[in-house]
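S.K.: next come a sequence and a model predicted from it.
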Amino acid sequence: MTGYKRLAVVFFGGIVACSPRPARDSSPASEVLQADSIVLERTLCYGNCPAYRLRLSSGGDVVFRSQNPGDEARVHSDTLPADGFSFLMAMADRIGFFDLPDRIDEPDPVWCPDHATDHPTYIGTIFSPTGRKRVVYYTGCYSGVGEHTVLESLGRLRQFYAAIDSVAGSSRWVRAAPFR
C-alpha cells in the first residue's frame, strides 16, 4: 500500500471508528451496507477543470477513466485500501447521501439560491442490489447571493466526493483539461 493510501485509510478510518455504525434494517443505511460500487464523475468547467470517471467496487477494484477532451482513452486501475470502501459507505450514510435530492444543479430557493456559472458538476452514484442513488451536484450552487458559501449539507457532500478521490488515490491520474 502506498503512503498516500495508508494516510487516507488512517485519517478517514479514524473518523469512521469514532462514528456511529449504521443500523441493519430496510432503511437507506441497510442499502449502504449492501452497496457494491461507487462511481464519481467530475465534468469540465469554463477553465481547465479535469473531467473523469472513477469507479470503486466493494471488492476493492478502482478504475479511473479520463474524460478530458483528447484524453478519453486514458484508463488506470488499482486496488483500494482494505477498509476504504466500507469507510466510504459509512460516510455516505453519515452525511445523509440517500436523503439528498437527485439533482442539485438548477436555481432553487432551498438548494441553490445563488447559481453561479462556469463551475464543474460532480455526479456521485452508489449502486446496490436493489437499485442506485445518484446525486448530480453543480458546484456553482451557493447558499446566498454574492456570499459564495454552500449549505452545510452540500459542504458534507463535497467532503464525501473528495473522500472518494482520496481513498482511490485518483490525484496521481488527474490532469487538468485544456482551457475552454
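M.R.: Thanks, I have the structure now.
S.K.: and the residue positioned nearest the centre of the chain, what does it touch?
M.R.: Nearest to the mean C-alpha position of the chain, counting by C-alpha atoms, centre = their mean, stands Y161 at 2.5 Å. By C-beta atoms under 8 Å, 6 or more residues apart in numbering, the contact set of Y161 is L40, Y122, G124, Y137. Backbone N, C-alpha and C define where each C-beta goes, glycine included.
S.K.: one more time with 7 Å
M.R.: L40, Y122, G124 (C-beta atoms under 7 Å, 6 or more residues apart in numbering).
S.K.: from R134, how far off is the closest residue to it other than its chain neighbours?
M.R.: In space, and not counting its chain neighbours, Y161 is closest to Y122: 5.0 Å by C-beta to C-beta, 6 or more residues apart in numbering. To R134, Y122 is 11 Å away according to C-beta to C-beta, to the nearest Å.
S.K.: higher neighbour count, these two?
M.R.: Higher neighbour count among Y122 and R134: Y122, with 23 against 15, using other C-beta atoms under 10 Å.
S.K.: if we can go back for a sec, mind giving me the packing neighbours of the helix or strand harbouring the residue nearest to Y161?
M.R.: In the assignment (DSSP states H and E), Y122 maps to strand 121-128. Under the contact criterion of 3 or more C-beta pairs under 7 Å, 6 or more residues apart in numbering; DSSP states H and E, the helices and strands touching strand 121-128 comprise strand 37-42, strand 131-138.
S.K.: deepest of the ones you listed, which one?
M.R.: Per-stretch averages of neighbours, counted by mean count of other C-beta atoms under 10 Å, single out strand 37-42 among the helices and strands packed on strand 121-128, with a mean of 21.
S.K.: which strands border that one, and is each parallel or antiparallel?
M.R.: Strand 37-42 has the following strand partners under DSSP bridges: strand 52-57 (antiparallel), strand 121-128 (antiparallel).
S.K.: what's the longest one in contact with?
M.R.: So that's strand 121-128. Outside strand 121-128, the residues that touch it by C-beta under 7 Å, 6+ apart are 31, 34-43, 92, 97, 105, 132-139, 161.
S.K.: buried residues, it. List them.
M.R.: For strand 121-128, a neighbour-count test (16 or more other C-beta atoms under 10 Å) marks T121, Y122, I123, G124, I126, F127, S128 as buried.
S.K.: now do the first one
M.R.: Buried residues in strand 52-57, defined by neighbour count with 16+ other C-beta under 10 Å: Y52, R53, L54, R55, L56, S57.
S.K.: how about G96, what does it touch?
M.R.: S153.
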